[in-house]
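1. Give me the fold of what follows.
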Amino acid sequence: MRYIKTIDDITRDGEVTFGEGYEFVEDAARADAILMRSTDLHGYDLPEGIRAIARCGAGVNNIPIEEYARRGVVVFNSPGANANAVKEIVIAMMILSSRGVVQSMEWVRAHADDPDILVNAEKAKKAFVGRELKGKRIGVIGLGNVGSKVANAAVDLGMDVYGYDPFISVEHAWALSQNVQRVGTLEDLCRGCDYLTVHVPSKADTVGMISTEQLDLLAPGAVLINFARETIVDEDAVNTALHQGRLSWFATDFATPKTVLMPNTFITTHSGAGTGEAEANCADMAISELKDYL
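-> Numbering: from 1, shown residues only. Now for the predicted structure:
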């Protein structure tokens, strides 16, 4: 019998199954492995008997990888299992930042007591005229599980799509639309973009990779989207660009003390992968990895 300790609510419906030969335990000291999602394990008192940890999610920044490696504890994650969910919300942010959808809905709610609202709403719509995505230039940084899907979706929307990823895998290169134009440098990608979206992990060479230099290369009134990690963008540079009007909108999945004070922002509650389907996919992958290892 193998014993599994779960940390966090792994899926929305709470149903997680390993099958015959496995049993869930409350006490981590009795477990062979841990199945977890969002809890930060830095400083966690990991019992000696734990042989492996599987995270139901793509990132592992909440797990002390090097420390666990020294202890011989294998760490798994589930890259790609939530990619479609993130792709869809990124496309949603592109539309919300282009069409005045939220602002027009807020106008309607603010005038709910107006008996002539049907007529007056027709007059007010001029204030919320937006722009279409078709024909606009978008730069996608990182063409992995999420970025490749975003790039392909943007092609389907009729956008002029450019991608930058010096480490793209053969698998993702094959999956990429032939209409995605690859560029060799980050600067060339950013130049003239109406939309810029980042899909890279947080590492030493990606922290702060989007700063004043890159933002200055974008088209006037560009939209920046960050549903990767909060550390990828220089928040001070983004704030300045928003106040100066060089960026029209900033959409992010990370509510930080700085982003919540910025103008023209769409900020979600780290909800990029927040679908029941994504949660189930991540759990299935993580469970499969643990079972294979154990």
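2. so what's the residue lying closest to Ala29 once chain neighbours are set aside up against?
-> The shortest distance from Ala29 to any non-neighbouring residue, by Cβ to Cβ, 6 or more residues apart in numbering, is to Pro47 (4.4 Å). Glycine gets a C-beta too; all of them are placed from N, C-alpha and C. Counting by Cβ atoms under 8 Å, 6 or more residues apart in numbering, Pro47 touches 28-29, 31.
3. just the helices in the stretch 51-200 of the chain please.
-> Counting by DSSP state H, counting those that start in this stretch, the stretch 51-200 of the chain has these helices, from start to end: 65-70, 83-99, 101-110, 117-124, 145-156, 170-175, 186-190.
4. most packed of those?
-> Of the helices of the stretch 51-200 of the chain, the one with the most neighbours on average (mean count of other Cβ atoms under 10 Å) is helix 145-156, at a mean of 23.
5. Phi, psi for Met262 please.
-> Main-chain torsions, Met262, degrees, to the nearest 10: phi -80, psi 150.
6. ok, it touching Phe250?
-> Yes. Using Cβ atoms under 8 Å, Met262 is in contact with Phe250, at 6.3 Å.
7. so what sits against both of those two?
-> Counting by Cβ under 8 Å, 6+ apart, the residues touching both Met262 and Phe250 are 238, 242.
8. So those two - more neighbours on which side?
-> Legend: neighbour count by other Cβ atoms under 10 Å for Met262 and Phe250, higher for Phe250 (25 against 19).
9. by contact count, what packs against the helix or strand containing the more buried one?
-> Using DSSP states H and E, Phe250 sits in strand 247-252. Packed against strand 247-252 by the contact rule (3 or more Cβ pairs under 8 Å, 6 or more residues apart in numbering; DSSP states H and E) you find helix 83-99, strand 222-226, helix 235-244, strand 265-267.
10. Format the ones you listed as CSV; extra columns: distance to Val170.
-> Putting the helices and strands packed on strand 247-252 into CSV (distance: least, Cβ to Cβ, whole Å) gives the following:
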stretch, distance to Val170
helix 83-99, 17
strand 222-226, 27
helix 235-244, 34
strand 265-267, 35
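11. Now for Asp284: which residues touch it?
-> Taking Cβ under 8 Å, 6+ apart, we find Asp284 in contact with Ala81.
12. Give me the phi and psi angles of it.
-> When read as degrees, to the nearest 10, the backbone of Asp284 gives phi -60, psi -40.
13. same deal with Thr206?
-> Backbone geometry at Thr206, expressed as degrees, to the nearest 10, gives phi -120, psi -20.
14. and it, how many neighbours?
-> Neighbours of Thr206 using other Cβ under 10 Å come to 17.
15. List the residues that contact it.
-> 200, 229, 231-232.
16. Go again with 6 Å.
-> By Cβ atoms under 6 Å, 6 or more residues apart in numbering, the contact set of Thr206 is 200, 232.
17. Pull out the buried residues from stretch 55-68.
-> By neighbour count on 16 or more other Cβ atoms under 10 Å, the buried set for stretch 55-68 is 55-58, 60, 63-64, 68.
18. Name the nearest of the residues you listed relative to Asp205.
-> Comparing the buried residues of stretch 55-68 against Asp205 with Cβ to Cβ picks out Val60 as the nearest, at 16.8 Å.
19. quick revisit: okay, the helices and strands packed on strand 247-252 in TSV with mean pLDDT and distance to Ala151 next?
-> Shown next, in TSV, are the helices and strands packed on strand 247-252 (pLDDT from 0 to 100; distance: least, Cβ to Cβ, whole Å):
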stretch	mean pLDDT	distance to Ala151
helix 83-99	98	9
strand 222-226	98	13
helix 235-244	98	22
strand 265-267	98	21
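20. so how far is Pro47 from Pro220?
-> Distance of Pro220 to Pro47, given as Cβ to Cβ, to the nearest Å: 56 Å.
21. Ala83 now?
-> According to Cβ to Cβ, Ala83 stands 33 Å off from Pro47.
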